[in-house]
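[1] 3D, please:
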Amino acid sequence: MKNSWLRLTGGVLALILFAGCASTPEPAPAEGPWTPSELSFALSGNDPVEGFNRSMFAVTDFGMEYVVDPLGRVYTSILPRPAIEKFNNLCVNLEFPARAFSCLGRAEFGGAWDELCRFLINTTVGIAGLFDPAGAWFDIYSTESDFGQMFAAWGIGPGCTFILPFMASLNVRDGVGSIFDMAFDIKTYIPYAGYATALNRMVVAHRAYEKAVAGSADRYKTYHEMMLLRRQLQLKMYFYNALNAAAEARKAGIRPELPPDRPVAPKPEWVSAGWRTIPGFRPQSPVLDTMRVAMFQPQNDDDPWYFRLSVFNGDFTKKCDVREIRFGEELPALRYGYWHAENAAPETAEERLLAGENGGRPEKLLVLLPGIGGDYSGMTSTALAELFYRSGWSVAVLDSTFTWQFYLATGGVLPGFLPQDGENVRRAITLVLDDLKQEKLFNPFRSRITLMGYSFGAMHTLKVAELEQQSNRLCIDRYVAINPPVDLRYAMKQADALAGTGRDWDADKAVATVIEIAGKAMGAMQNRYPSYDPENPGEEPFNYGVPLSQEEADYLAALYFKTSMRGLLFTAHREKGLPALSTEYRWGRRTELYREIDRVGFEEYAEKFISPELAPLTLEELYAQSNLRAFGDSLAANPKVRVVHSADDFLLSGEDRRFLDRTFGGRLVWFDCGGHLGNLYVKSVQQTLLDLAETNNEPVITESVCK
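    Below is the predicted model of the structure:
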């Protein structure tokens, strides 16, 4: 067997690794702008066999959905999560030789020593590796080293992108390295161990994989870029070094540095509406504070006893009923998420009288509209849904109009023109309410409906409020807009300005920066963030600070905006061909198309993509009608509307703030800090949203036109 392994690996090395790919890779760009596609190219080079790689990934994707998913449901329902995780620990422990020898091969002697110590401690004290006392008690962590990393340390380039089904490797070098990893893996020589290991490992990885590709218009592209970033972090031993640095800091008694606690901002002179402060928020900057939206997480979404696939799993997301609506019989379905309230308040005699023969206690239904690029399964949407669900609300969450799913469902309508978007959202809400009524999940005779939107979805909420004021079809009792932009053109300019971050970087600087951002972001996202209570911060305040520099935060925000637009434009070009894009769509050759799409800014999108479809409407008319000022009088006269905003939201100009304050007056609540949605993890902000959504003092509307 030993000779067979040597012949196999030697042949692969000689014929594939050193020969490289047949095509000559193009040089990486010398300077920015560093779009997601340019970064991907700088990190991994050319993809000359993209069609093959996509085919191989399709096998993996199919297997994860139709093989691993059903098998995992059985497996995780039989075995609890701790048992599966302990078996995974055992498997990782048996892979010790590959990690240790690859560390030696790259002269990482400290890492090799740590791997040896971990193996000895976990095999003995940790009962064959089922437990990890080496990490928990002695701060000795795994290097995650492998032979692909060793080859990289030797100066061997990655070669071209090369993917095989169910293999984590992304290129020729790492593919060859995985063969050596297998040869140095003790499980390779234990009969049938590979089968059990594969099932267990794929079940453990299923949730992360599902989160990574969910909602993606191009699952291969998303998977490739996510794995590429993770691989770069492994090559630099980022997590191993970060864990060791944190351990040294703990031993030295050094606590993580909190952002400076600044004095509470005074109420501006122009504010006539409600003004609230957040003591202890420790603001960093409007863009950095915006990043804190990632700290607004579902609080019950990590069941310690059963994995997500298990029928016994109690995660909040598992309770979501994924339903479908259709704008037309020939059009694709649009999914939405629905959580049905388990506990509602007892009915009163007045409510029974109002409900008439239908009877029953009044229900509270929240319809939620996400921001740009958001969908019903997004983290912010899910966290808001959980917040209201725990307060007795049923919650329906739609996709944003600025998603490829909504684009297809409407028959190919590009979003961004507010009057058109508002009509489409209104139509979608009508279909959702009809669907819930048909399934007897919603009784219009005894329900109160609140429409809530955040960011771009907040603009849609306010537009629907105006349309409903003209013609009441949905009978919505309350509209709550969270951080709505006022002037879409100004918001676009702000987003495009962020995209200029790093324009003067060279390739090395761009790669180093994005790897640093990815490492910090992934490290932060591994934390569970409790809601912050300003009235009870605790003796040792939890660190909610964003561990990024201003430049890194600006660049990360720009990447988010770019990727939000990417899926939409890609889908539109694939479906009908967009005249503004010169690169032809080809199934197995998409790299150049993505490079062109990623260079499109928001103002260019409005000018070259939306405006031509709205002719004879001019670009200036498009912007004017997509501004809240266009229907400000209607909003000012609508008693059902409530607005929550941050005074330092970078998507608002000074005049935008004054317009909101004048228009809504006492129906607007300003918070002194938080950037754009970055204060949603604060309990006082959450309570404000719950209070504003309620209509308890108002009678249930029972007009026949609504019901």
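
[2] part of a strand, is Leu451?
    Yes: counting by DSSP: H, G, I helix; E, B strand; the rest coil, Leu451 is found in a strand.

[3] who's in contact with it?
    Val367, Leu369, Ile429, Thr461, Val464, Ala465, Leu474, Ile476, Arg478, Tyr479, Val480 (Cβ atoms under 8 Å, 6 or more residues apart in numbering). Bear in mind the C-beta positions are built from the backbone N, C-alpha and C, glycine included.

[4] which member of those is positioned nearest Ala553?
    Leu369 (25.8 Å; Cβ to Cβ).

[5] backbone phi and psi for the closest one, please?
    phi -110, psi 120 (degrees, to the nearest 10).

[6] now the one 5 residues further on
    Dihedral angles of Gly374 (phi, psi; degrees, to the nearest 10) stand at phi -80, psi 150.

[7] ok so, going back, in strands only, show me the contacts of Leu451.
    Val367, Leu369, Arg478, Tyr479, Val480 (DSSP state E).

[8] closest one to Met452 out of those, please.
    Nearest to Met452 among the ones in strands among the contacts of Leu451, with distances taken as Cβ to Cβ, is Val480, at 4.3 Å.

[9] enumerate every residue touching the closest one.
    Contacts of Val480 (Cβ under 8 Å, 6+ apart): Thr450, Leu451, Met452, Gly453, Thr461, Arg642, Val643, Val644, Leu689, Leu692, Ala693.

[10] before we move on, the earlier item: quick check: the farthest pair among the ones in strands among the contacts of Leu451?
    Leu369 and Arg478 (13.7 Å).

[11] pick out whichever of the two has more residues nearby.
    More crowded of Leu369 and Arg478, by other Cβ atoms under 10 Å: Leu369, with 28 against 21.

[12] check contacts around that one.
    Leu398, Ser400, Val425, Leu451, Met452, Gly453, Tyr454, Gly457, Ala458, His460, Thr461.

[13] and with 6 Å instead?
    Leu398, Gly453, Gly457, His460, Thr461 (Cβ atoms under 6 Å, 6 or more residues apart in numbering).

[14] that one and Gly538, how far apart?
    Remark: distance between Leu369 and Gly538 (Cβ to Cβ, to the nearest Å) = 34 Å.

[15] ranges for the strands of the protein?
    274-276, 321-325, 334-339, 363-369, 394-397, 447-454, 478-482, 641-646, 668-671.

[16] run through the neighbouring helices and strands of the shortest one.
    Identification of packing neighbours for strand 274-276 by 3 or more Cβ pairs under 6 Å, 6 or more residues apart in numbering; DSSP states H and E yields strand 668-671.

[17] the strand it packs on - which strands sit beside it in the sheet, and in what orientation?
    strand 274-276 (parallel), strand 641-646 (parallel) (DSSP bridges).

[18] highest average neighbour count across those strands?
    Ranked by mean neighbour count under mean count of other Cβ atoms under 10 Å, the strands paired with strand 668-671 are led by strand 641-646, which reaches a mean of 25.

[19] pLDDT at the closest residue in space to Leu387 that isn't next to it in sequence, what is it?
    The shortest distance from Leu387 to any non-neighbouring residue, by Cβ to Cβ, 6 or more residues apart in numbering, is to Gln686 (5.7 Å). Confidence at Gln686, expressed as pLDDT, is 98.

[20] tally of neighbours for Gln686?
    Residues lying near Gln686 (other Cβ under 10 Å) number 21.

[21] before we move on, what about Thr591?
    Neighbours around Thr591, by other Cβ under 10 Å: 19.

[22] can you name the residues that contact it?
    Asp47.

[23] check what pLDDT it gets.
    94.

[24] ok, it to Gly523 distance?
    Distance from Thr591 to Gly523, by Cβ to Cβ: 30 Å.

[25] again with Pro415
    Taking Cβ to Cβ, one finds Pro415 at 34 Å from Gly523.

[26] repeat that for Asn443.
    For Asn443, the distance to Gly523 - Cβ to Cβ - is 47 Å.

[27] likewise for Lys364?
    For Lys364, the distance to Gly523 - Cβ to Cβ - is 38 Å.

[28] who has more neighbours out of those two?
    Shown here are Lys364 and Gly523; by other Cβ under 10 Å, Lys364 has more neighbours (23 against 16).

[29] wait, that one touches Val395, no?
    No: contact between Lys364 and Val395 fails when scored by Cβ atoms under 6 Å: they sit 9.4 Å apart.

[30] which residue is the nearest non-sequential neighbour of Leu680?
    The nearest residue in space to Leu680 (Cβ to Cβ, 6+ apart) is Phe296, at 4.0 Å.

[31] next up, the contacts around that neighbour.
    Ala383, Leu680, Tyr681.

[32] closest to Ser611 among those?
    Leu680 (33.5 Å).
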